[in-house]
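S.K.: predicted model follows, preceded by the sequence.
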Amino acid sequence: MTTRYDGLRPPGRIPGQAGAGTVANPRADRDAAALVAGLSVLDKVLLLTGADSWRTQGADALGLRPMITSDGPAGVRGVVLDERHPSSSLPCPSALGATWDTELVGELAAALGAEARSKGVDVLLAPTINLMRTPLGGRGFECFAEDPVLTAGLGVAFVRGVQSAGVAATVKHFVGNDSETQRWTYDARIAEHVLRELYLAPFEACVRQAGAALVMAAYNKVNGVPMTEHAQLLRDVLKDEWGFDGVVTSDWHAARSTAATALAALDLAMPGPDGPWGAQLAQAVADGAVTSEVLDDKVMRLLRLASRVGAVLPRGDTLPPGDTPDPDGPRPPHSGRPSPTRRTARRNSPASAGRRAGSRLVASSTSWSTASGMPGTSADGAGTS
């Protein structure tokens, strides 16, 4: 990648890695576990629901500040509606998908990460790696393509680019959330081999190849089970089989039960402060429906994410200047220089992008379709009912 944003990453933020998983730090995990052990159940469950529409909870006892989330796949919206601080509008993902250019997508995503940092955003709610199965979907432009191998390759490049700026990427919407019609409630009936060959393939690539920091559980059901309660896919496949050690967040208001979502391996219910967890989850722990070990694992995952984006500070420390987590706080004055996204977009004009289109992805596409015995992309009867 030719674009460099090292100078735009505030101290304490960990850039994304090429391999899967977060940066290993066993000692930090042990120290965090000791702190978590000292929290009450109420303190723990408080951390697992958002503070408001866009922020997670902070905890002084852990040196944890709130983390700021923001949409989205085609630009960093931010959480403040202020025409004095506009966001760059990038080509939509479906347009990027038409380039077949992983290097271009990686550069644009790195610029997106840099702009997210300039807005005080820690977690970008992107990329959308569902499959554009029909042109009638109202949010189809957020997806890269209808092909799982192309989507996987571009998704990996996007996640690596965003996380190279010290911003956590959220791959969404896991899984089978490929239609806008009744997207909150519909049941996607998908055979196991079709799930593996089509719908799960981009998510597996982003987790194993790019080390995505978060996965967003979708609104819909898959084979009769709501995705926020789908233990087979969230716990058995995503966390156990793929080794995902990041945070599983709900889509906004997608968590609609207490014990079922907690046991299915959902880690964060957004938004807050209301929701199905809170005091209800604390009561589920008291009743023995949810174990304290399940609760501790969720908190540890949040702390791992916070460490990755620089939201865990040594006791007594304050935030570095210019790195406030308050989205309503002051913004730095405009420097007069074009934003990273604008500089990248100007360099990567349609003409220059077209000259590179396809060559890198075609040369490397087989690595995702064969991972973990996945039998390529020759799915019979693919699709949802």
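M.R.: Yep, that arrived. Numbering: from 1, shown residues only.

S.K.: when you work out contacts or count neighbours from here on, use the C-alpha atoms and nothing else.
M.R.: Fine.

S.K.: contacting residues around G58?
M.R.: L47, L64, R65, P66, M67 (C-alpha atoms under 8 Å, 6 or more residues apart in numbering).

S.K.: neighbour-wise, which one of those leads?
M.R.: Counting neighbours by other C-alpha atoms under 10 Å, M67 leads those with 25 neighbours.

S.K.: gap between the most centrally placed residue in the chain and S250?
M.R.: By C-alpha atoms, centre = their mean, the chain has its centre lying nearest to T170, at 0.8 Å. If you measure T170 against S250 using C-alpha to C-alpha, to the nearest Å, the figure is 11 Å.

S.K.: shared neighbours of those two, which are they?
M.R.: Residues touching both T170 and S250 (C-alpha under 8 Å, 6+ apart) are M216.

S.K.: give me the low-pLDDT residue ranges for this structure?
M.R.: Per-residue confidence for the chain (pLDDT under 70) gives these ranges: 1-24, 314-385.

S.K.: which residue ranges of it form strands?
M.R.: Ranges of strands in the chain, per DSSP state E, are 69-70, 123-124, 168-174, 187-188, 214-217, 221-222, 225-226, 247-250.

S.K.: to R133, which of those strands lies closest?
M.R.: Among the strands of the chain, strand 187-188 comes nearest to R133, with 12.7 Å by C-alpha to C-alpha.

S.K.: for the closest one, which strands pair with it and how are they oriented?
M.R.: Strand 187-188 has the following strand partners under DSSP bridges: strand 221-222 (parallel).

S.K.: how far off centre is the partner strand?
M.R.: Between the centre of strand 221-222 and the centre of its chain there are 20 Å (C-alpha atoms, centre = their mean, to the nearest Å).

S.K.: how about stretch 49-57?
M.R.: Put simply, stretch 49-57 sits 15 Å off its chain's centre (C-alpha atoms, centre = their mean).

S.K.: first vs last residue of it, how far apart are they?
M.R.: 7 Å.

S.K.: list of residues touching it?
M.R.: Contacts with stretch 49-57, where a contact means C-alpha under 8 Å, 6+ apart, come from 46-48, 65-70, 79, 268-275, 277-278.

S.K.: list only buried entries from the residues you listed.
M.R.: 46-48, 65-70, 79, 268-273, 275, 277-278 (16 or more other C-alpha atoms under 10 Å).

S.K.: out of the residues you listed, name the ones that lie in helices.
M.R.: L46, L47, G278 (DSSP state H).

S.K.: mind putting these in CSV, distance to M216 included?
M.R.: Listed next are those as CSV, based on distance: C-alpha to C-alpha, whole Å:
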residue, distance to M216
L46, 19
L47, 17
G278, 20
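
S.K.: ok, the contacts of G58 vs G224, which is closest?
M.R.: Among these, L47 lies closest to G224 (C-alpha to C-alpha), at 29.5 Å.

S.K.: burial measure for the spatially closest residue to that closest one that is not a sequence neighbour, as a count.
M.R.: Excluding its sequence neighbours, the residue lying closest to L47 (C-alpha to C-alpha, 6 or more residues apart in numbering) is Q57, at 5.3 Å. Per other C-alpha under 10 Å, the neighbour tally for Q57 reads 18.
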